[in-house]
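Engineer: the following comprises the amino acid sequence and a computationally predicted model.
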Amino acid sequence: MFKKIIAIIGICSFIATFLFISHGNVNVSSQNQTQIRGLILSPALQEIETEPGQSYQIDLDIRNDTTDKTYNLIHTTSTFEAVGEEGVPVLKDFGPDDQQKTWIGYPEPLINLEPGQGKITQVTLSIPKEATPGAYYFALIIGETPKQSTDSNQVLINSSVGTLLFVNVLGDIDKQVSFDQFELDKQIYDPFFDSMSIKYKIRVTGNAFLRPSGNIFIGTQESTGAITLNPDKRIILPNSARQFQTFIPADHQLPGFSSETSNNLKSRNIEAVKKPWFGQKDIEAKIIYTDANQDVSQQIVRTKVIFFPWKSLLLVLILIGLLVLMYYIYKIISVKIKESKKSAK
């Protein structure tokens, strides 16, 4: 009897080891953290919505986070534009016809910071009365004074930091919002074990920028849970689009079987979403924004998805098959043990 128990334990251990090696994900990672000390500027981003003819004072907190370097700093101003599918702002120089290049002033053009010293520096924004309504962008740069090297083989790097300033001048503003894309990574999900990946691209046309707000719903807007449409609060520049991606977690995750997407869920600002275990449902996304008349408007897009617990059923069938296999193996081992005992006698 003892030999039978040992044989069954050995078989179960072999099957469990095979399943773990086949399906488990073992991730080994090492990370070296290197802290680069230098200039720190805050805030990193500011938004202003204003009438023409208004003036503003913007306070920037600049800090020398080194222990042995003195900085001689100057202010410069540039603008930026949206580039690529992600719509990331990229700096560029003002064009000759850009009216806003004279709107920024620096009462204190030069800043000297000793090691560990911080300072509040002021920037003035003056909107002329004849300013055309719409969106304007400024990159307020604080950096080292340019250095010249007499050695042709030497490369000098000037440190600089910046704040992005978004300005919407009110008036005859035209803003249209639409979905360029709204898709799931697949159309059939096991609600118990599959995390859903949703990609969507939002386009803004007109002359005003937009920070999208809204939600993604399963079924209808009366659902018990929702996902924030723009959890990182990103801005879309006019006449450009930005790609977004978010996740809906699985209802359950077995230890060692968590997907890569489910590991990132904590940073996605997700509320509880109740998914059906079987059936076809709509996935609906809604953007809420103000239109040209400053009235609240919205855009809605939908796609369909099928929930079917096929992985759960497959797991049950595999477990039943393993039990049947273990039973037959046990019977075979029992017969061989009996035959060996008879031959021994």
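Structural biologist: Perfect, thanks for sending it. Numbering: from 1, shown residues only.

Engineer: for Trp310, grab phi and psi.
Structural biologist: Main-chain dihedrals, Trp310, degrees, to the nearest 10: phi -70, psi -30.

Engineer: that one: neighbour count?
Structural biologist: Look at Trp310: counted by other C-beta atoms under 10 Å, it has 14 neighbours. C-betas here are computed from N, CA, C, even on glycine.

Engineer: tell me the contacts of it?
Structural biologist: 188, 190 (C-beta atoms under 8 Å, 6 or more residues apart in numbering).

Engineer: any idea how far Tyr330 is from it?
Structural biologist: As for Trp310, its distance to Tyr330 is 30 Å (criterion: C-beta to C-beta, to the nearest Å).

Engineer: try Gln245
Structural biologist: 49 Å.

Engineer: please give me every residue in contact with Asn112.
Structural biologist: Asn112 touches 70-73, counting by C-beta under 8 Å, 6+ apart.

Engineer: what's downstream of the one helix or strand it maps to, the next helix or strand?
Structural biologist: Asn112 belongs to strand 110-113 when assigned by DSSP states H and E. Using DSSP H and E, the helix or strand that directly follows strand 110-113 along the chain is strand 118-126.

Engineer: so after that following strand, what's the next helix or strand?
Structural biologist: Counting by DSSP H and E, what follows strand 118-126 is strand 134-144.

Engineer: what angle do that following strand and strand 118-126 make?
Structural biologist: Relative orientation of strand 134-144 versus strand 118-126 (axes from the mean of the first three to the mean of the last three C-alpha atoms, to 10 degrees): 150 degrees.

Engineer: run me through the strand neighbours of strand 134-144, direction for each.
Structural biologist: Using DSSP bridges, the neighbouring strands of strand 134-144 in the sheet come out as strand 71-83 (antiparallel), strand 160-169 (antiparallel).

Engineer: need the winner for burial among those strands.
Structural biologist: Ranked by mean neighbour count, the strands paired with strand 134-144 are led by strand 160-169 with a mean of 20 (mean count of other C-beta atoms under 10 Å).

Engineer: check the offset of that one from the chain's centre.
Structural biologist: Its chain's C-alpha centre and that of strand 160-169 lie 21 Å apart, by C-alpha atoms, centre = their mean, to the nearest Å.

Engineer: quick check: mean pLDDT of that strand?
Structural biologist: For strand 160-169, mean pLDDT rounds to 90.

Engineer: the next helix or strand after that strand - contacts with which helices or strands?
Structural biologist: Going down the chain from strand 160-169, the next helix or strand is strand 175-184, by DSSP H and E. Counting contacts by 3 or more C-beta pairs under 8 Å, 6 or more residues apart in numbering; DSSP states H and E, strand 175-184 is packed against strand 196-206, strand 279-290, strand 296-307.

Engineer: among those strands, which gets the worst mean confidence?
Structural biologist: Ranked by mean pLDDT, the helices and strands packed on strand 175-184 bottom out at strand 279-290, with a mean of 84.

Engineer: sheet-wise, list the partners of that one with their directions.
Structural biologist: Applying DSSP bridges to the sheet, strand 279-290 is found paired with strand 213-218 (antiparallel), strand 296-307 (antiparallel).

Engineer: next, format those as JSON lines and append distance to Thr79 and mean neighbour count.
Structural biologist: Listed next are the strands paired with strand 279-290 as JSON lines, based on distance: least, C-beta to C-beta, whole Å; neighbours: other C-beta atoms under 10 Å:
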{"stretch": "strand 213-218", "distance to Thr79": "25", "mean neighbour count": "20"}
{"stretch": "strand 296-307", "distance to Thr79": "28", "mean neighbour count": "14"}
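
Engineer: to Ser334, which of the ones you listed lies closest?
Structural biologist: Closest to Ser334 of the strands paired with strand 279-290, according to C-beta to C-beta: strand 296-307, at 43.9 Å.

Engineer: now that closest one - C-alpha only, PDB.
Structural biologist: What follows is strand 296-307 as a C-alpha-only set of coordinates in PDB (Å, rounded to 0.1, in the frame of the first residue of the first chain):
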ATOM      1  CA  VAL A 296     -21.300  70.400 -23.100                       C
ATOM      2  CA  SER A 297     -21.200  67.900 -26.000                       C
ATOM      3  CA  GLN A 298     -20.200  64.300 -26.300                       C
ATOM      4  CA  GLN A 299     -19.000  61.700 -28.800                       C
ATOM      5  CA  ILE A 300     -19.800  58.000 -28.400                       C
ATOM      6  CA  VAL A 301     -18.400  55.000 -30.100                       C
ATOM      7  CA  ARG A 302     -19.200  51.300 -29.600                       C
ATOM      8  CA  THR A 303     -17.900  47.900 -30.500                       C
ATOM      9  CA  LYS A 304     -19.200  44.400 -29.600                       C
ATOM     10  CA  VAL A 305     -17.500  41.700 -27.600                       C
ATOM     11  CA  ILE A 306     -18.400  38.100 -26.700                       C
ATOM     12  CA  PHE A 307     -17.800  36.800 -23.200                       C
END
